[in-house]
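Trainee: coordinates only, sequence not included:
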């Protein structure tokens, strides 16, 4: 593991324990095996560090998602739905999603954090729009779909369902939301004769 | 205004200033015209108060939404989309939505707050499912739509778009998300020959 990876792990551990509001460079140093001066050598402040941490979360997400980039466009969107809504642990809220919820809530009060969230959001929406474009080109999706509009609605739906999963905990209607997103948002993309399972009807 | 309404106003003002993490009975008392002992007479703790405040937000939402309860089912869903995503002020994030985002982020750490959010969420999802049932009965919506599944997906989408509006601020793709929800989620409800504008094609 590189020093930077270790710093990201320490930041994540500190964030899970303290939340962003109570996060300090000291609480991150407490989770870091190496010296505090090394931490300060890499990052000037908690704000710098958290911006890098948000970039790191985006990279991790893209890496996890990209494992299956040769899949059909619809399968890619179904996979993204699962990763975003349920995360690693379908048994309950994912730790990364808990941390993300806290960081999102702080964005309106912290310009650096907001700006990084804007970059992450744009990147993911563009990724979705590109998948939709591929689906249209390959004739699997309807050619009158607007990729940007669809991407904004789909991203709202999967992130809203992710937030509900974390906020409402055991009472979250996650399975119902997943089924609804599949049935009422993704199915509408399909060109005549195509099915959600990727087989021609 | 009743004393309770004044307490709710004071809670909202204190929440906007301090956020939930730094909210105290004293900070609420500071916004309350009447005596601090009157506040304590009505509420034992900040936790009690915030649960009532969440109920109050739900009631306000239902009251605002109900103004137009004789409208066609599709018009009701379009109206809910606008109220939830944009709120009072389409020029920027709504103060109530800012407060809600902070309260949501605290729910995983505060059982009373989580339980009230579960109640609010169930109530709103049932309201959506009832509107969908009306639309099916009136022949405007497809009769193979599952009202609960649709409600969970639709609620995720509108609340996700609301969160983005607050989190990403001026860079939020709110107009695009609204157009996408209308086009790719609501339009799919329509029975053959029906249009989003409520006129038969």
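Mentor: All right, it came through fine. These numbers were taken from a predicted model, which means no experiment stands behind them.

Trainee: surely residue A:38 meets residue A:10?
Mentor: No. If you go by C-beta atoms under 8 Å, residue A:38 and residue A:10 don't touch, sitting 10.8 Å apart. Placement of C-beta: from N, CA and C, glycine included.

Trainee: so what sits against both of those two?
Mentor: residue A:32 (C-beta atoms under 8 Å, 6 or more residues apart in numbering or on different chains).

Trainee: so between these two, which is more surrounded?
Mentor: Neighbour totals were compared for residue A:38 and residue A:10, and residue A:10 leads with 20 against 15 (other C-beta atoms under 10 Å in any protein chain shown).

Trainee: what helix or strand is that one on?
Mentor: helix A:3-18 (DSSP states H and E).

Trainee: now that helix: average pLDDT?
Mentor: The average pLDDT for helix A:3-18 rounds to 91.

Trainee: same thing with stretch A:79-98?
Mentor: Mean predicted confidence for stretch A:79-98 is 82.

Trainee: next one: stretch A:130-140
Mentor: pLDDT averaged over stretch A:130-140 gives 96.

Trainee: can you give the contact residues for it?
Mentor: Contact partners of stretch A:130-140, identified using C-beta under 8 Å, 6+ apart, comprise A:72-74, A:76-77, A:80, A:141-143, A:145, A:147, A:150-151, A:189-191, A:194, A:198.

Trainee: okay, now the closest residue to residue A:11 other than its chain neighbours: neighbour count?
Mentor: Spatial nearest neighbour of residue A:11, excluding adjacent residues (C-beta to C-beta, 6 or more residues apart in numbering or on different chains): residue A:53 at 4.8 Å. Residue A:53: 24 surrounding residues under other C-beta under 10 Å.

Trainee: how close does residue A:53 get to chain B?
Mentor: 16 Å (C-beta to the nearest C-beta, to the nearest Å).

Trainee: pretty sure that residue contacts residue A:9?
Mentor: No. Assessed by C-beta under 8 Å, residue A:53 is found out of contact with residue A:9, at 10.2 Å.

Trainee: could you say which helix or strand holds the residue most central in space within chain A?
Mentor: Centroid check for chain A by C-alpha atoms, centre = their mean gives residue A:84 as the closest residue, at 5.3 Å. In the assignment (DSSP H and E), residue A:84 maps to helix A:73-86.

Trainee: on contacts alone, who are the packing partners of that helix?
Mentor: Under the contact criterion of 3 or more C-beta pairs under 8 Å, 6 or more residues apart in numbering or on different chains; DSSP states H and E, helix A:73-86 touches helix A:46-66, helix A:111-137, helix A:147-167, helix A:174-181.

Trainee: tell me the most buried of those helices?
Mentor: helix A:147-167 (a mean of 26; mean count of other C-beta atoms under 10 Å in any protein chain shown).

Trainee: show me what contacts the residue lying closest to residue A:181 once chain neighbours are set aside?
Mentor: In space, and not counting its chain neighbours, residue A:181 is closest to residue B:153: 4.8 Å by C-beta to C-beta, 6+ apart. Residue B:153 makes contacts with A:157, A:161, A:177, A:180-181, A:183-185, B:185, as judged by C-beta under 8 Å, 6+ apart.

Trainee: next: residue A:7.
Mentor: A:28, A:32, A:39, A:42-43, A:49.

Trainee: just the buried ones out of the residues you listed, please.
Mentor: Burial by neighbour count, 16 or more other C-beta atoms under 10 Å in any protein chain shown: within the contacts of residue A:7 this picks out A:28, A:32, A:39, A:43, A:49.
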